[in-house]
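Colleague: Requesting a structural model of the entry that follows:
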Amino acid sequence: LGMRTLALSVGRGAFTLGTLTPLPTEPISVPQLNLSGRLPHQNDATISLEFPQGGAPAQEVMCWPEFHNGCAAGLRLAAPQASL
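Modeller: Numbering: from 1, shown residues only. Sure, this is the predicted structure:
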């Protein structure tokens, strides 16, 4: 569950490729990674995969997912359209 959740931003980057045309002064928002989930077979228990801040395991596990999350946000930008 954890690795699949951390890889969702790669699919989001492919799905939203070129769908945003912001103004030059508009900031681009990077969504937060949601590391919580529900267990429907356990009476909808909620689990959280959050790590304590500043811990070495958190940096090792979250480095690439955060990078890909930022790349997915950048891939949303559409290329400028040339006149046809």
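Colleague: Do a quick rundown of the helices in the chain.
Modeller: 2-6, 8-15, 56-75 (DSSP state H).
Colleague: which one of those lies closest to Gly37?
Modeller: helix 2-6 (7.0 Å; CB to CB). No exception for glycine: its C-beta is placed from N, CA and C like everyone else's.
Colleague: Alpha carbons of that closest one, as PDB, please.
Modeller: Below are the C-alpha coordinates for helix 2-6, written out as PDB (Å, rounded to 0.1, in the frame of the first residue of the first chain):
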ATOM      1  CA  GLY A   2       2.800   2.400   0.900                       C
ATOM      2  CA  MET A   3       4.900   2.100  -2.200                       C
ATOM      3  CA  ARG A   4       1.800   2.200  -4.500                       C
ATOM      4  CA  THR A   5       0.700   5.400  -2.800                       C
ATOM      5  CA  LEU A   6       4.100   7.000  -3.100                       C
END
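Colleague: tally of neighbours for Ile47?
Modeller: Residues contacting Ile47 under the criterion other CB atoms under 10 Å number 13.
Colleague: just to revisit the earlier point, right, so of the helices of the chain, which gets closest to Pro22?
Modeller: Within the helices of the chain, the stretch nearest Pro22 is helix 56-75; the backing value is 11.2 Å (CB to CB).
Colleague: Worst mean pLDDT among the helices of the chain?
Modeller: Of all the helices of the chain, mean pLDDT reaches its minimum on helix 2-6 (a mean of 76).
Colleague: Buried residues in it, which are they?
Modeller: Across helix 2-6, burial judged by 16 or more other CB atoms under 10 Å covers Leu6.
Colleague: so what secondary structure elements neighbour that helix?
Modeller: helix 56-75 (3 or more CB pairs under 8 Å, 6 or more residues apart in numbering; DSSP states H and E).
Colleague: Same question for the helix it packs on: list its buried residues.
Modeller: Quick answer for helix 56-75 (16+ other CB under 10 Å): 61-62, 65-66, 68-69, 72-73, 75.
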